[in-house]
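Participant: sequence isn't available, so here's the structure alone:
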RNA sequence: UCCCCAGUAGCUCAGUUGGCAGAGCAAUUGGCUGUUAACCAAUGGGUCCGCGGUUCAAGUCCGUGCUGGGGAGCCA
C-alpha cells in the first residue's frame, strides 16, 4: 500500500477507505478498551487521530507507546466525531518502527525556546518549529519564483573568496595550512596556502553578481554568507542566508521599487500558501502579526533621505544615548525611533554621507553623499541594505584611492567599468531577518535550523 | 568587549529576617464513559551550576569561575 502524507489526507472530501500513514506520535490517551493517538508526519501542522482497539494483535506493545515513538499505521479513514477534525483512522495494523524511551526530552506541553535551542535536532517536531521551518522552505521557493517571473537569472557566487567586499564585515579565514606548522613558524605564509594567498568565506556575493548583471541584465544570488563579527544579539548570526539581486540599467528608485515589491509579494505568498502555519504564529507567537502583515501589504514604505532623518531625530525631543549629528552613522536607538515611533512602518533611508558607506556606492552630484539605501523595519532593524553602484570608472577609481584600497586587487572589478559600463543597482536582504518579521519570532537563532553564533556551533 | 538578569527533579517553576527542599507536567504502576496536555489514584525521582569563604548550621550571605538569556557596540 502506498503511503499518503497527512496534509493530503486532510484535504480529501471523501474517504478512499484503507490508508497508510507514517509519522511520530504526538500524544496517546488510553481507555480500558482502546487508545487514541495523534500522529504527525511533518507535512503540515495538524495531526491525524488514530484509534487503536484492544483487539489488535500487538495491543500490549501499543500500550507502551509514548510521545515521540515512530509508527506506521494502516486503517480505514473515517469521518471523525471528534471536534475540530474531519478525519480519523480506525487502525487495522500499527507497526512500531522505533520506541521513544523515557529520555525523549519533548513532552506534549510547550517548552521554552531556550530549552528547545539545546535540542535543535528535535525541535522541528514541535508545532512552532515545524511551522517555522516549513515556512522557511516555502519562502525560499517564493524568492526564486518572484525573480524567475521577472526574468532574473539565478547566479551561484563563490563561497570561498579572495576578494573583500569592503565594509561588509569581518571575514572567516579559509586555510589548509597545518595548525602545527603555523605554531612552529609563528606566522601564516599564505604563498604556501591552498589558494596561494589569503582566502575567506564570503561576506557577500555582490561584487561577483555585478559582473553578471553587466552581462545577463538582471541576476540574483541567494545563499549562505559568513560574518566573523562578535555580535551577541538576537538579530545576528555568523552564518546567515542573504538574497542579493543585481539589476542593470537600474537606478536607486527602481532598486527600492523592486525591494518593496519583493517584500510585499513574499508576505502575500506566505499568507496565501501557508495559512495554518501563519495562524499558529499569530495565535501563539505574536498577537500583533495580522496588523503588521496588513501594514507591510497595504501601506507604502516611507522614503526619506539621511539628511531628513537627522532632522527628524534632532527635532524629536528625545534624549538618545548617542548624539545625533550629520555625518555620523545612525545607532540602533535612532533607527528604532524612526521605524517604530515616527513612521511606524518600514522606512527606506537614502543618500548617506559618503564617509560611512563603501567604495562601490554611486557618488551623488553633491559630492558629499552616495546613492545608498537601508530599509529599516520595526522590531527587526535593518532588513535590506543596498545602493546604486558607481558605474563611472574615474569616479570609482578616485573613491578607491580616497579610501586607500589596493587597486590591484580589484582589477577585474574595474574592468567592468571600462567596457560598456551602465548604471546598475542592487541590494542585500537578510533571509532570516525577513523570516523573523514574517513570523514574529524574536530571535534569529529560532529561524535557522542549526544556528552559528559567537561561541556556539553545536549540531 | 561592555552592561543587566538568571542557574533548584527529565521539563516549567515555588522556596524572604540561614535550620537537613516542594508543586505541576513527564516517567512507572493501577483504574476508567470517544478523548484532544483526557480524567482519577499511588509510587519513584535532587552534588540546589563548579570552587573557595563566613557560620554551630548555607539552596539562601560574600568572593570567584563556568554556562545560558536580554541589551549595547560591531552590523544583512
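Facilitator: Happy to help now that I have it. All figures in this text were calculated on a predicted structure; none of them were measured in a lab.
Participant: hey, let's count contacts and neighbours off CA atoms from now on
Facilitator: OK.
Participant: can you show me the strands along the stretch 251-400 of chain A?
Facilitator: A:302-305, A:347-353, A:369-377, A:381-388 (DSSP state E, counting those that start in this stretch).
Participant: which among these is found nearest to residue A:236?
Facilitator: Residue A:236 lies closest to strand A:381-388 among these, at 10.9 Å (C-alpha to C-alpha).
Participant: that closest one close to RNA strand B?
Facilitator: Yes - residues of strand A:381-388 contacting RNA strand B under C-alpha under 7 Å from any atom of the strand: A:382, A:383, A:384, A:385.
Participant: pull the residues that contact that strand.
Facilitator: Outside strand A:381-388, the residues within contact range by C-alpha atoms under 8 Å, 6 or more residues apart in numbering are A:250-252, A:255, A:332, A:335-336, A:361-362, A:371-377, A:423-430, A:433-434.
Participant: go again with 6 Å.
Facilitator: Strand A:381-388 has contacts (C-alpha atoms under 6 Å, 6 or more residues apart in numbering) with A:251-252, A:361-362, A:371-376, A:424-429.
Participant: want to throw the strands of the stretch 251-400 of chain A into a markdown table with distance to residue A:6, mean pLDDT and mean neighbour count?
Facilitator: Putting the strands of the stretch 251-400 of chain A into a markdown table (distance: least, C-alpha to C-alpha, whole Å; pLDDT from 0 to 100; neighbours: other C-alpha atoms under 10 Å) gives the following:
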| stretch | distance to residue A:6 | mean pLDDT | mean neighbour count |
| --- | --- | --- | --- |
| strand A:302-305 | 43 | 97 | 16 |
| strand A:347-353 | 41 | 97 | 24 |
| strand A:369-377 | 36 | 97 | 26 |
| strand A:381-388 | 35 | 96 | 23 |
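Participant: quick check: which of those strands is nearest to residue A:120?
Facilitator: strand A:381-388 (25.1 Å).
Participant: give the rounded mean pLDDT of stretch A:96-104.
Facilitator: On average, the pLDDT along stretch A:96-104 is 91.
Participant: burial of the closest residue to residue A:265 other than its chain neighbours, as a residue count?
Facilitator: The shortest distance from residue A:265 to any non-neighbouring residue, by C-alpha to C-alpha, 6 or more residues apart in numbering, is to residue A:146 (7.6 Å). Residues near residue A:146, counting by other C-alpha atoms under 10 Å, number 16.
Participant: residue A:146: what secondary structure?
Facilitator: Here residue A:146 is recorded as helix under DSSP: H, G, I helix; E, B strand; the rest coil.
Participant: how near is it to residue A:215?
Facilitator: The gap separating residue A:146 from residue A:215 is 21 Å, by C-alpha to C-alpha, to the nearest Å.
Participant: next helix or strand past the helix-or-strand element of chain A with minimal mean pLDDT?
Facilitator: Least confident helix or strand, chain A: helix A:179-185 with a mean of 84, by mean pLDDT, DSSP states H and E. For helix A:179-185, the following helix or strand on the C-terminal side (DSSP states H and E) is strand A:199-201.
Participant: touching RNA strand B at all, that following strand?
Facilitator: No - Strand A:199-201 lies out of reach of RNA strand B by C-alpha under 7 Å from any atom of the strand, never closer than 13.6 Å.
Participant: next SSE downstream of that strand?
Facilitator: Following strand A:199-201 toward the C-terminus (DSSP H and E): helix A:206-216.
Participant: ok, and what's touching the following helix or strand past that next one?
Facilitator: Helices and strands here follow DSSP H and E; after helix A:206-216, the next one along the chain is strand A:218-226. Residues outside strand A:218-226 that contact it (C-alpha under 6 Å, 6+ apart): A:152-156, A:202-203, A:213, A:238-248.
Participant: where in chain A is pLDDT low?
Facilitator: A:164-168 (pLDDT under 70).
Participant: per-domain residue ranges of it.
Facilitator: A:6-98, A:123-168+A:203-446 (automatic domain parsing).
Participant: can you get me the start-to-end distance on the last one?
Facilitator: The first and final residues of domain A:123-168+A:203-446 sit 10 Å from each other (C-alpha to C-alpha).
Participant: thought residue A:162 was touching residue A:202?
Facilitator: No - taking C-alpha atoms under 6 Å as the definition, residue A:162 is not a contact partner of residue A:202, at 8.5 Å.
Participant: got the domains of chain A as CSV, with distance to residue A:115 columns?
Facilitator: As requested, the domains of chain A are exported to CSV (distance: least, C-alpha to C-alpha, whole Å):
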stretch, distance to residue A:115
domain A:6-98, 17
domain A:123-168+A:203-446, 9
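Participant: what sits against residue A:49?
Facilitator: Counted by C-alpha under 6 Å, 6+ apart, residue A:49 has contacts A:37, A:38, A:88.
Participant: skipping its backbone neighbours, what lies nearest it in space?
Facilitator: residue A:38 (4.6 Å).
Participant: beta partners for that neighbour?
Facilitator: Residues in a beta bridge with residue A:38, per DSSP bridges, are residue A:27, residue A:49.
Participant: go on, residue A:79?
Facilitator: Bridge pairing for residue A:79 - DSSP bridges - gives residue A:87.
Participant: that one contacts residue A:87, doesn't it?
Facilitator: Yes - with contacts counted by C-alpha under 6 Å, residue A:79 reaches residue A:87, the gap being 4.7 Å.
Participant: so for the two, which sits in the more crowded spot?
Facilitator: residue A:87 (23 against 13).
Participant: and the spatially most distant residue from the centre of chain A, its phi and psi?
Facilitator: In chain A, residue A:55 marks the outermost C-alpha relative to the chain mean, sitting 48.9 Å out by C-alpha atoms, centre = their mean. With angles defined as degrees, to the nearest 10, residue A:55 sits at phi -90, psi 0.
Participant: in contact with it, which residues are there?
Facilitator: So residue A:55 contacts nothing (C-alpha under 6 Å, 6+ apart).
Participant: so how far is residue A:89 from it?
Facilitator: 15 Å.
Participant: not counting residues beside it along the chain, what's closest to residue A:347?
Facilitator: residue A:302 (4.4 Å).
Participant: hang on, that neighbour packs against residue A:344?
Facilitator: No - if you go by C-alpha under 6 Å, residue A:302 and residue A:344 don't touch, sitting 9.4 Å apart.
Participant: closest to residue A:22 out of the strands of the stretch 251-400 of chain A?
Facilitator: That would be strand A:381-388 among these, by C-alpha to C-alpha, at 39.3 Å.
Participant: next up, the contacts around the residue in the stretch 201-350 of chain A that RNA strand B sits nearest to.
Facilitator: In the stretch 201-350 of chain A, the residue that lies nearest RNA strand B is residue A:231 (2.9 Å; C-alpha to the nearest atom of the strand). With contact set as C-alpha under 6 Å, 6+ apart, residue A:231 has no partners.
Participant: if you set the cut-off to 7 Å instead, what comes out?
Facilitator: When contacts are counted by C-alpha atoms under 7 Å, 6 or more residues apart in numbering, residue A:231 touches residue A:454.
Participant: quick one: residue A:424 and residue A:250 touch, right?
Facilitator: Yes - judged on C-alpha atoms under 7 Å, residue A:424 makes contact with residue A:250 at a distance of 4.8 Å.
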